[in-house]
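# Please find the sequence and the predicted model below.
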Amino acid sequence: MILIRRFEEKIVALSQEPNRMSGMQILANGQEAVATGIVSALEPEDVIISNHRSHGHLLARGADLNSLMAEIMAKDNGVNGGKAGTLHLSVPEINVLMTSTVVGAGSPLAVGAAFAQHYKRAGGITVVFFGDGAAAEGSVHEAMNLASIWKLPLLFVCENICWAGAQRHEEHCATPHIFQRAKGYNMPGRSVDGNDVEAVYTIGVELAEYCRSGKGPAFIEALTYRMRGHGEQDRQHYVDPGELETWAARCPIHRYRQKLLDDDVLTEAKIRAIDQDAETRVTVAVAFGDESPYPGPETALTDVFVQPPSA
């Protein structure tokens with residue numbers, strides 16, 4: 001979680017410098033427990049499909065820090081050759097099939113991925129991450145319905161961050177409990193404190209195993225909060241500062257740090273060492289990105305279409 005936080009904090013800092021970052025930066029500060037807990041509950045063969053707040057999901061899965069930073073800096077040595085930026089990443093070698101900034105677009109594709117796993121009897125499940133705003137998209141409901149009809153190994157993970165753009169949850173959603181919608185599609189739905197990494201992991205293991213058993217899909221609503229704007233250009237003038245302070249006090253990293261100290265699992269010295277290691281790794285990643293070239297103009301038309309196999 002600390003590595004994810006330091007990585008995104010560095011993106012914030014670089015975004016304020018000219019010509020350092022490429023495109024719009026949409027971050028997930030404060031949501032680290034969801035990414036860490038759910039991804040830690042998965043097996044290597046499991047497939048992940050993410051959304052526009054994907055850095056934590058990729059880093060928790062083991063994406064190369066240097067290549068990910070280079071990608072966000074639009075460099076040729078990035079995970080997608082500098083063409084995906086921060087919003088449309090794909091790292092197939094760690095089974096992160098795709099991320100998408102199109103709200104709700106990942107769920108139908110997750111149905112396809114889960115269907116392939118089911119059809120090929122390949123084992124593994126698919127996990128799709130989306131926000132509370134995306135939960136209102138018709139594509140998500142259609143995906144839930146079809147996944148349930150076909151009993152696909154698909155875990156829906158809704159990160160309820162209390163805001164969809166500049167709209168509060170209660171302004172765009174008729175129910176305060178999104179997980180209850182799962183019942184209408186005949187799948188188990190559970191709610192969890194999204195700022196408690198151990199609780200997220202526990203429910204992640206439980207429902208991942210349910211999906212893996214062949215019983216069909218499942219749904220998790222992780223209750224957390226969007227600590228920064230919709231994007232870095234959004235200064236959140238519409239958010240009550242007191243509300244931000246309340247959620248800042250529930251920071252998943254601070255909570256877990258204190259728990260580990262109270263349980264005598266870690267010492268202050270060990271925590272400082274972990275933090276310093278994360279800082280160092282992020283600094284090295286930035287240097288890697290700075291030293292990497294931009295993609296050449298001759299690559300503009302590559303990766304647009306699938307290359308047919310050679311004869």
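It's in. Numbering: from 1, shown residues only.
# from the middle of its chain, how far away would the helix or strand harbouring residue 5 be?
According to DSSP states H and E, residue 5 maps onto helix 2-15. Counting by CA atoms, centre = their mean, to the nearest Å, helix 2-15 is centred 15 Å from the centre of its parent chain.
# Any buried residues in the helix or strand where residue 203 lies, and which?
For residue 203, the element it lies in under DSSP H and E is helix 197-212. Buried residues in helix 197-212, counted by 16 or more other CB atoms under 10 Å: 197, 200-201, 203-204, 207-208, 210-212. All C-beta spots, glycine's among them, are computed from the backbone N, C-alpha and C.
# what does stretch 171-180 give?
173, 178-179.
# Return the member of these nearest to residue 221.
Among the buried residues of stretch 171-180, residue 179 lies closest to residue 221 (CB to CB), at 3.7 Å.
# secondary structure class for the closest one?
helix (DSSP: H, G, I helix; E, B strand; the rest coil).
# so it makes contact with residue 158?
Yes - between residue 179 and residue 158 there is a contact under CB atoms under 8 Å: 7.3 Å.
# okay, and the common contacts of these two?
219-221 (CB atoms under 8 Å, 6 or more residues apart in numbering).
# Of these, just say which sits nearest to residue 118.
Taking those together and measuring to residue 118 by CB to CB, the closest member is residue 219, at 17.7 Å.
# Go ahead and confirm that closest one touches residue 184.
No - counting by CB under 8 Å, residue 219 stays clear of residue 184, with 10.4 Å between them.
# The two: which has the busier surroundings?
The neighbour comparison of residue 219 against residue 184 (other CB atoms under 10 Å) goes to residue 219, with 26 against 12.
# Near residue 289, how many other residues are there?
Neighbour tally, residue 289, other CB under 10 Å: 24.
# can you redo the buried residues of helix 197-212 as TSV with pLDDT?
What follows is these, written out as TSV (pLDDT from 0 to 100):
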residue	pLDDT
197	98
200	99
201	99
203	99
204	99
207	99
208	98
210	98
211	98
212	97
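# what's the closest of these to residue 227?
residue 197 (16.0 Å).
# my guess is the closest one contacts residue 252, does it?
Yes - using CB under 8 Å, residue 197 is in contact with residue 252, at 5.9 Å.
# Overlap of the contact sets of those two?
Common neighbours of residue 197 and residue 252, using CB under 8 Å, 6+ apart, are 1, 32-33.
# can you pull the contacts of the residue nearest to residue 293 when sequence neighbours are not counted?
Spatially, and ignoring its direct neighbours in sequence, residue 293 is nearest to residue 76 (5.1 Å; CB to CB, 6 or more residues apart in numbering). The neighbours of residue 76, taking CB under 8 Å, 6+ apart as the test, are 70, 82, 292-296, 299.
# please redo it, this time with the cut-off set to 7 Å
Residues near residue 76 by CB atoms under 7 Å, 6 or more residues apart in numbering: 82, 292-295.
# what about the helices in the protein?
2-15, 32-40, 55-61, 65-72, 106-120, 138-149, 169-172, 181-184, 197-212, 241-248, 252-262, 268-291 (DSSP state H).
# Of the ones you listed, flag the one that's most buried.
helix 32-40 (a mean of 27; mean count of other CB atoms under 10 Å).
# Other residues contacting it?
By CB under 7 Å, 6+ apart, helix 32-40 touches 1, 4-5, 56-57, 60-61, 127, 157, 159, 194-197, 200-201, 204, 222, 224, 252-253.
# Now it: average pLDDT?
Averaging pLDDT along helix 32-40 gives 98.
# Give me the distance from it to the chain's centre.
Chain-centre distance of helix 32-40: 8 Å, with CA atoms, centre = their mean.
# Can you show me the CA trace of that helix as CSV?
Provided in CSV are the C-alpha atoms of helix 32-40 (Å, rounded to 0.1, in the frame of the first residue of the first chain):
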residue,chain,number,x,y,z
GLU,A,32,-4.9,1.4,-1.6
ALA,A,33,-6.5,-1.2,0.7
VAL,A,34,-9.0,-2.3,-2.0
ALA,A,35,-6.3,-2.9,-4.6
THR,A,36,-4.0,-4.6,-2.2
GLY,A,37,-6.6,-6.7,-0.5
ILE,A,38,-8.4,-8.0,-3.6
VAL,A,39,-5.4,-8.6,-5.7
SER,A,40,-3.6,-10.4,-2.9
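# so where is this structure shaky, pLDDT-wise?
For the chain, the stretches with pLDDT under 70 are 308-311.
# Just the residues contacting the helix holding residue 203, thanks.
With CB under 7 Å, 6+ apart as the criterion, helix 197-212 contacts 1, 33-34, 36-38, 40-42, 125, 153-155, 188, 190, 192-194, 217-218, 220, 222, 252, 256.
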